[in-house]
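[1] Pasting a predicted model and its sequence here:
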Amino acid sequence: MPSSDIQRRGLMLVLSSPSGAGKTTITRRLLERDARLVMSVSVTTRPKRPGEVDGVDYIFVEPVEFEQMAEVGELLEHAKVFAHDYGTPRPAVEQALAQGRDVVFDIDWQGTQQLAQSAREDLVSVFVLPPSTEELERRLHTRAQDSDEVVAQRMAKAADEMSHWAEYDYIIVNRDIEDSVEAVRAILAAERLKRERQIGLADFVTKLREGR
């Protein structure tokens with residue numbers, strides 16, 4: 001069996017952080033640099049923001065449709081964040097993993113907990129922390145995406161979100177975006193080589209030992 005016959009099951013890479021800490025930027029740059037990564041497109045009940053594309057940024061649905069998807073088990077995980085529902089469609093993720101592709105998730109601690117309960121062996125979780133509270137607030141204001149009221153809400157929620165850091169496999173303090181991206185790429189490189197993710201490895205080693 002040549003080494004090319006060793007197949008690999010994909011993994012689920014979760015990036016979580018308080019709003020503004022940098023997870024979305026890190027995720028975008030990872031996708032630009034790694035063709036083996038595919039983004040999990042979440043379904044949500046929140047309104048579409050300017051510039052967002054349905055089916056690319058999010059799958060936008062009405063609350064009643066979201067409830068139906070959750071009830072019949074079409075979502076791997078789902079949670080309510082700032083009065084809106086978010087969830088991960090199951091079929092696309094399971095297909096990607098079976099094909100050996102890695103799926104990256106931009107979800108919060110609630111969703112990560114659910115994934116850990118249902119698919120811990122496939123999960124690699126990374127929590128991104130800001131270098132300081134002041135810097136987090138500055139970034140939220142700088143991106144000019146939310147009103148002052150919404151920024152205040154996000155800052156109030158940040159402490160609770162950061163309290164879940166110990167539930168994650170890896171922690172990154174995002175002082176510099178490029179350093180953070182490279183740190184996640186190093187995590188990916190190591191996790192892809194884990195013994196249990198390499199299908200056919202046992203047969204390959206057996207043939208090596210037999211001189212074939």
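    Yep, that arrived.
[2] quick one, phi/psi of residue 169?
    Geometry field for residue 169 lists phi and psi as phi -70, psi -40, criterion degrees, to the nearest 10.
[3] what do you get for residue 36?
    phi -80, psi 0.
[4] Quickly note the distance from it to residue 166.
    Distance, residue 36 to residue 166, using Cβ to Cβ, to the nearest Å: 29 Å. (Each C-beta comes from the backbone N, C-alpha and C, glycine too.)
[5] Name the residue in those two with the higher neighbour count.
    Neighbour tally, residue 36 and residue 166, criterion other Cβ atoms under 10 Å: the higher count belongs to residue 36, 11 against 7.
[6] That one: what's it in contact with?
    The contact partners of residue 36, taken as Cβ atoms under 8 Å, 6 or more residues apart in numbering, are 101-102.
[7] confidence score at residue 1?
    On the pLDDT scale, residue 1 is placed at 46.
[8] ok, now residue 133?
    84.
[9] Can you report how many residues lie near it?
    Counted by other Cβ under 10 Å, the residues lying close to residue 133 total 13.
[10] same thing with residue 132?
    The burial count assigned to residue 132 is 11, neighbours taken as other Cβ under 10 Å.
[11] how much space between it and residue 78?
    Distance from residue 132 to residue 78, counting by Cβ to Cβ: 32 Å.
[12] Over to residue 118?
    For residue 118, the distance to residue 78 equals 12 Å [Cβ to Cβ].
[13] Counting neighbours around each, name which of the two comes out higher.
    residue 78 (21 against 12).
[14] can you give me phi and psi for the more buried one?
    The phi and psi torsions at residue 78 (degrees, to the nearest 10) take the values phi -160, psi 150.
[15] Ok, residue 163 next?
    Per-residue torsions, residue 163: phi -70, psi -10 (degrees, to the nearest 10).
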